[in-house]
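Asks: Build me a model:
(one chain, ligands or ions: 2)
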Amino acid sequence: MNSGSSLDIAAVGLSHSPLIGKNDPAPEVLERVEAAVSGARDFVRDFDPELVVLFAPDHYNGFFYKEMPPFCLATEAHAVGDFGSSSGPLSVDSAAARALAESVLDQDVDLTVSARMTVDHGFAQPLEVLFGGIDRVPVVPVFVNGVATPLGPVSRIRALGTALGRAAAGLGTRVLFLGSGGLSHDPPVPVLDGAPPRVADALIEGHPPTAEQRARGEERVIQAGRDYAAGSAKMIPINPRWDNDLLDLLECGDLAAFDSWTVAWMGEQGGGSAHEVRTWIAAFAGLAAGGAYEMTSRFYEPVPEWIAGFAVATARRR
Ligand SMILES: O=C(O)CCc1cccc(O)c1O
Ligand SMILES: [Fe+2]
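Replies: Ligands and ions are numbered 1, 2, ... in the order given. As a prediction, the model looks like this:
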């Protein structure tokens, strides 16, 4: 149990992958990852958050090009259960969500609000991994677009995180900022630009896939993981140097440095889904809004089997 100030804030960044448990790396890699994740779980248990502000991307399960916001806060959310992740309602703290939304808007950050957000493994997995389910802790889900171009400047994501950090301080509760995704990786997520009409239509309209279509899509991602690990894929490789540079900036707290990271450069360095690191930047900006922080643990390992530069980091106020 946490015995500190009720206004404590903390942050955790955690990579996700729908291939965990489906296309696993060597046992020793798995062991190292599990030890790091277990450390994060202990950190979260000790911190004992009263509210989790969860930043996560979507993989064309909830947000489509019919209208694609750069980010969106939910006052209610339900998970689709892709790749065997949990389905059903998340335990959203609607009152906190509304209060945070109002405060963020008051701080001059344009925010989309959803009263019924559809989310996928990007949200479900970190809640399962750290809390044992999607309905175990009061949460405010915040979608951060990490795949659907055009993407705006990283500075706006940092501004969102900062505004939510300030807003959360006004709640008077212990808040954990949690970022889900990244780091560098280039999974076979469809791209609207140049897509054949049927694919384009699906990306725009978001017709729910049939069970068979979903199974086929998931099998394609699993096969891509096998190819990535075998080095036979045309995907942009995991970039440990880039990933560690990112973790260095988060560790030293120089979040303003991310403002010069361009969308094009990030994609070249880290692959099409590297933009998921926006969730980490938002989470750490939320923590930084409360003052100086320290990173209390940091783990990184490239896991091509999962199509993930896999990282776990925990941080709290000094
Ligand atoms: O297409 C999908 O639904 C998921 C693709 C995907 C694969 C590995 C790691 C990820 O972060 C990711 O997003
Ligand atoms: Fe993802």
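
Asks: Would you mind pulling up the elements that the one helix or strand V44 maps to packs against?
Replies: Using DSSP states H and E, V44 sits within helix 27-47. Counting contacts by 3 or more C-beta pairs under 8 Å, 6 or more residues apart in numbering; DSSP states H and E, helix 27-47 is packed against strand 9-14, helix 121-131, strand 293-303, strand 308-317. C-beta coordinates here come from the backbone N, C-alpha and C atoms, glycine included.

Asks: What strands line up against the shortest one, and which way round?
Replies: Strands that pair with strand 9-14, judged by DSSP bridges, come out as strand 175-180 (parallel), strand 308-317 (antiparallel).

Asks: between the shortest one and helix 121-131, how many degrees?
Replies: Angle, strand 175-180 to helix 121-131, by axes from the mean of the first three to the mean of the last three C-alpha atoms, to 10 degrees: 130 degrees.

Asks: so after strand 175-180, what's the next helix or strand?
Replies: By DSSP H and E, the next helix or strand past strand 175-180 is helix 197-205.

Asks: Tell me the pLDDT of the residue of the stretch 101-250 of the chain found nearest ligand 1.
Replies: Residue nearest to ligand 1 within the stretch 101-250 of the chain (C-beta to the nearest ligand atom): P187, separated by 3.5 Å. On the pLDDT scale, P187 is placed at 95.

Asks: do the one 3 residues further on as well
Replies: You'll see P190 listed with a pLDDT of 92.

Asks: confidence score at the residue found closest to it once you drop the neighbours it is linked to in the chain?
Replies: Closest residue in space to P190, ignoring its immediate chain neighbours: V199 at 5.6 Å, by C-beta to C-beta, 6 or more residues apart in numbering. According to the prediction, V199 has pLDDT 93.

Asks: Run a quick check on V199 versus P188, I expect a contact.
Replies: No - the pair V199 / P188 is not scored as a contact, 11.9 Å apart, by C-beta atoms under 8 Å.

Asks: one step back: ranking the strands paired with strand 9-14 by burial, who's on top?
Replies: strand 175-180 (a mean of 30; mean count of other C-beta atoms under 10 Å).

Asks: Residues contacting that one, please?
Replies: By C-beta atoms under 8 Å, 6 or more residues apart in numbering, the list of residues contacting strand 175-180 from outside reads 8-16, 44, 47, 49-57, 122-123, 125-126, 130, 161, 164-165, 168, 276, 279-284, 286-287.

Asks: wait, does it contact ligand 1?
Replies: No - using C-beta under 6 Å from any ligand atom, strand 175-180 never reaches ligand 1; the gap is at least 8.7 Å.

Asks: can you give me phi and psi for P18?
Replies: Per-residue torsions, P18: phi -70, psi -10 (degrees, to the nearest 10).

Asks: Ligand 1 versus that one, what's the distance?
Replies: 5 Å (C-beta to the nearest ligand atom, to the nearest Å).

Asks: List the contacts of that residue.
Replies: Neighbours of P18 in contact, by C-beta under 8 Å, 6+ apart: 82-83, 85, 121, 125, 218, 221.

Asks: tell me which residues form a beta bridge with the spatially most central residue of the chain?
Replies: The structure's the chain has its C-alpha centroid closest to S180; by C-alpha atoms, centre = their mean the separation is 2.4 Å. Beta-bridge partners of S180, counted by DSSP bridges, are L14.

Asks: List, out of the contacts of strand 175-180, those positioned next to ligand 1.
Replies: Okay, of the contacts of strand 175-180 touching ligand 1 (C-beta under 6 Å from any ligand atom), that's 16, 276.

Asks: circling back: C-terminal to the helix holding V44, what's the next element?
Replies: Once the chain leaves helix 27-47, the next helix or strand it forms, by DSSP H and E, is strand 51-56.

Asks: so who does K234 touch?
Replies: By C-beta under 8 Å, 6+ apart, K234 has no neighbours at all.

Asks: Can you tell me the element it falls in?
Replies: K234 belongs to no helix or strand when assigned by DSSP H and E.

Asks: Tell me, how many residues neighbour the residue nearest to P190?
Replies: 13 (other C-beta atoms under 10 Å).

Asks: so who does S87 touch?
Replies: S87 neighbours (C-beta under 8 Å, 6+ apart): 78-81, 124.

Asks: rerun that using 10 Å as the cut-off
Replies: For S87, the contact set (C-beta atoms under 10 Å, 6 or more residues apart in numbering) comprises 78-81, 120, 124, 134.

Asks: so which of the strands paired with strand 9-14 comes closest to F143?
Replies: Closest approach to F143 among those (C-beta to C-beta): strand 175-180, 10.6 Å.

Asks: chain center to the closest one: distance?
Replies: 9 Å (C-alpha atoms, centre = their mean, to the nearest Å).
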